[in-house]
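Student: fold the following, please.
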Amino acid sequence: MTRSRSCYLILIAVVILLGLASRSPWAAEAPHFVTAYAGDTLWALMVFFILGFLFPRSQILPLGLAALGIAFSVELSQLYQANWIIQLRATWLGALALGSGFLWSDLLCYLVGVSLGIAFEHILKKRRPEQPEKFAHRKFE
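Tutor: The predicted structure is shown next:
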């Protein structure tokens, strides 16, 4: 399956907007479950889509494992508490990218987010069967 980079760019933008919205002041009106877990779930989904954008020909499972590895690594890095990284995490962008504190529940959110990406791709793949390579039947000598 070859992914459409333009489609994935749009997906990344939509997921980023949804993630930012989940952390916005008006999100306080949403149920606590949504405000507590949506941002981390969407962050992992964004990582999955970014990898899909960067590696459009990669298979779904390796892509999912790579996204999960990145997400888990970022979460585990929050156990590291040197001054320079604490200062980086204190910035708005640093907190969005690196998080602010280790939570076991975030690992579950990442698993759900990447699973959503994998499910999305499986659904997409079933709806759009793989096209044979053009001229695959010809022999070039």
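Student: state the distance from W26 to L107.
Tutor: Relative to L107, W26 is positioned 28 Å away (Cβ to Cβ, to the nearest Å). (C-beta placed from N, C-alpha, C; glycine too.)
Student: quick one, which of the two is more surrounded?
Tutor: Set side by side, W26 and L107 show more neighbours around L107, with 17 against 7, by other Cβ atoms under 10 Å.
Student: touching, the more buried one and V74? I think so.
Tutor: No - assessed by Cβ atoms under 8 Å, L107 is found out of contact with V74, at 10.7 Å.
Student: any idea of the mean pLDDT in the one helix or strand L107 maps to?
Tutor: Assigned by DSSP states H and E, L107 belongs to helix 104-127. What helix 104-127 shows for mean pLDDT is 94.
Student: in it, what's buried?
Tutor: Residues 106-107, 109-111, 113-118, 120-121 are the ones in helix 104-127 that count as buried (16 or more other Cβ atoms under 10 Å).
Student: with distance to N83 as new columns, can these be given to me in TSV?
Tutor: Converted to TSV, the buried residues of helix 104-127 look like this (distance: Cβ to Cβ, whole Å):
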residue	distance to N83
D106	23
L107	26
C109	28
Y110	27
L111	31
G113	30
V114	32
S115	36
L116	36
G117	35
I118	38
F120	40
E121	41
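Student: farthest pair within the residues you listed?
Tutor: Largest separation among these by Cβ to Cβ: D106 and E121, giving 22.8 Å.
Student: what is the end-to-end distance of stretch 47-60?
Tutor: With Cα to Cα, to the nearest Å as the measure, stretch 47-60 spans 13 Å from end to end.
Student: would you mark the buried spots in the lowest-mean-pLDDT helix or strand in the chain?
Tutor: Sorting the helices and strands of the chain by mean pLDDT, DSSP states H and E puts helix 92-98 at the bottom, at a mean of 80. Neighbour-count burial for helix 92-98 flags L96 (criterion: 16+ other Cβ under 10 Å).
Student: ok, residues contacting that helix?
Tutor: Helix 92-98 is contacted by residues 74, 77-78, 85, 88-89 when judged by Cβ atoms under 8 Å, 6 or more residues apart in numbering.
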